[in-house]
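**Student:** Got a predicted structure here, sequence first:
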Amino acid sequence: MSERDLLAGYVETWWSAVEDFLALLEELGPDDWSTPTDLAGWDVKAVASHTAHLESILAGGPEESADIGAPSHVTGPMGQFTEIGVVTRRDREPASIIEEIRASTGTRRAALEAAPPTEAEAPADGIFGLIGWSTRTLLRNRPLDVWMHEQDIRRAVGRPGGMDSAAARHTADYLSEGFGYVVGKRVAPPAGTTAVLAVEGSAPVAVRVGDDGRAHRLDVVPHEPTVGLAMDRESFIVLAGGRRAAAPGAVTVSGDQELGERIVAHLATTP
């Protein structure tokens with residue numbers, strides 16, 4: 001696949017995620033917007049506001065600034081940045097936030113269609129390039145971010161769905177790539193340990209810990225790994241996304257039970 005086709009695929013998946021996100025926001029009732037989500041300190045309106053902020057910047061909107069105070073859930077520079085969009089939209093009506101997302105993403109999509117990105121490793125636009133992101137990293141992350149926030153809102157308001165979309169598959173496959181890091185770096189079992197992650201709807205991921213302590217991806221899934229984890233897509237998403245624990249019984253551990261439990265406890269690779 002060419003770099004242009006790869007990047008175009010990310011854009012298409014992002015756009016489908018945006019459409020699903022907007023459709024969900026349109027369904028919400030007035031009381032839904034103040035419902036707390038799994039993200040510390042953020043209700044549904046905050047999640048939508050954060051999305052509006054990022055999409056506005058990507059569409060060429062002005063940089064925003066605000067005194068965010070010292071909320072306990074903000075723990076670093078990235079958190080300080082993302083909080084700005086929440087604060088600057090605190091007094092906005094939900095309909096206004098929805099319309100901002102629709103307008104900004106429409107502008108961004110039109111620009112990407114008029115001048116499709118062709119170089120995956122070229123610096124990303126704007127602030128994302130300044131923090132070292134490539135065009136590939138930015139375009140690959142946008143469907144993940146939008147879809148994860150769609151799911152944050154769905155869990156908060158009790159409207160499950162969207163688990164079989166293109167963005168859902170993209171996100172689960174993307175997050176599963178962090179499995180080797182979790183096993184080798186965070187859990188650090190002995191060399192020779194093999195581990196398999198089987199998430200419903202995605203190809204299994206198998207790794208082996210080498211003498212260097214790193215967990216290397218295996219081309220062939222072993223029949224009897226040291227440990228195996230099997231779960232549905234939603235359980236993996238809430239764990240890998242650092243949202244909440246999986247429902248009781250949702251994760252099946254085979255082989256070394258204690259090692260499996262440690263891996264599950266360290267699966268979160270995104271805040």
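**Tutor:** That came in fine, so what should we check first?

**Student:** List of residues touching stretch 95-109?
**Tutor:** For stretch 95-109, contacts defined as CB atoms under 8 Å, 6 or more residues apart in numbering pick out 11, 15, 18, 21-22, 25-26, 45, 48-49, 51-52, 55-56, 58-61, 89. Every residue, glycine included, has its C-beta placed from N, CA and C.

**Student:** 6 Å instead, please
**Tutor:** Trp15, Val18, Leu22, Leu25, Ala48, Ser49, Ala52, Glu55, Ser56, Leu58, Ala59, Arg89 (CB atoms under 6 Å, 6 or more residues apart in numbering).

**Student:** May I have it as CSV, with CA atoms only?
**Tutor:** Extracted as CSV, the C-alpha positions of stretch 95-109 are listed here (Å, rounded to 0.1, in the frame of the first residue of the first chain):
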residue,chain,number,x,y,z
ALA,A,95,-25.9,22.8,20.2
SER,A,96,-23.1,25.3,19.6
ILE,A,97,-20.5,22.7,20.4
ILE,A,98,-22.1,20.2,18.1
GLU,A,99,-22.2,22.8,15.3
GLU,A,100,-18.5,23.7,15.9
ILE,A,101,-17.4,20.1,15.5
ARG,A,102,-19.5,19.7,12.4
ALA,A,103,-18.1,22.9,10.8
SER,A,104,-14.5,22.3,11.8
THR,A,105,-14.4,18.7,10.7
GLY,A,106,-16.1,19.6,7.4
THR,A,107,-13.5,22.3,6.8
ARG,A,108,-10.7,19.9,7.6
ARG,A,109,-12.1,17.1,5.5
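
**Student:** Relative to the whole chain's centre, how far out is it?
**Tutor:** Relative to the chain's own centre, stretch 95-109 is displaced by 20 Å; criterion: CA atoms, centre = their mean, to the nearest Å.

**Student:** likewise stretch 260-271?
**Tutor:** Relative to where its chain is centred, stretch 260-271 has its mean C-alpha point 15 Å off (CA atoms, centre = their mean).

**Student:** Show me where the chain has its helices.
**Tutor:** Taking DSSP state H as the criterion, the chain contains helices spanning 3-27, 44-58, 77-88, 94-114, 126-130, 135-157, 166-176, 179-181, 233-240, 257-265.

**Student:** how about CSV for the ones you listed, with mean neighbour count and mean pLDDT added?
**Tutor:** Conversion of the helices of the chain to CSV gives the following (neighbours: other CB atoms under 10 Å; pLDDT from 0 to 100):
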stretch, mean neighbour count, mean pLDDT
helix 3-27, 18, 97
helix 44-58, 24, 97
helix 77-88, 17, 87
helix 94-114, 17, 98
helix 126-130, 14, 87
helix 135-157, 22, 98
helix 166-176, 21, 98
helix 179-181, 20, 98
helix 233-240, 22, 98
helix 257-265, 16, 98
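
**Student:** about what we covered before: any chance of the contacts of stretch 95-109 in CSV, with distance to Gly129 too?
**Tutor:** Converted to CSV, the contacts of stretch 95-109 look like this (distance: CB to CB, whole Å):
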residue, distance to Gly129
Trp15, 21
Val18, 22
Leu22, 27
Leu25, 29
Ala48, 26
Ser49, 24
Ala52, 21
Glu55, 17
Ser56, 17
Leu58, 11
Ala59, 15
Arg89, 25
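
**Student:** Go through these and name the one nearest Met231.
**Tutor:** Nearest to Met231 among the contacts of stretch 95-109, counting by CB to CB, is Val18 at 27.3 Å.

**Student:** For the closest one, give its distance to Gly210.
**Tutor:** With the distance defined as CB to CB, to the nearest Å, Val18 ends up 41 Å from Gly210.

**Student:** which one of the helices of the chain lies closest to Asp67?
**Tutor:** Proximity to Asp67 (CB to CB) singles out helix 77-88 among these, at 7.6 Å.
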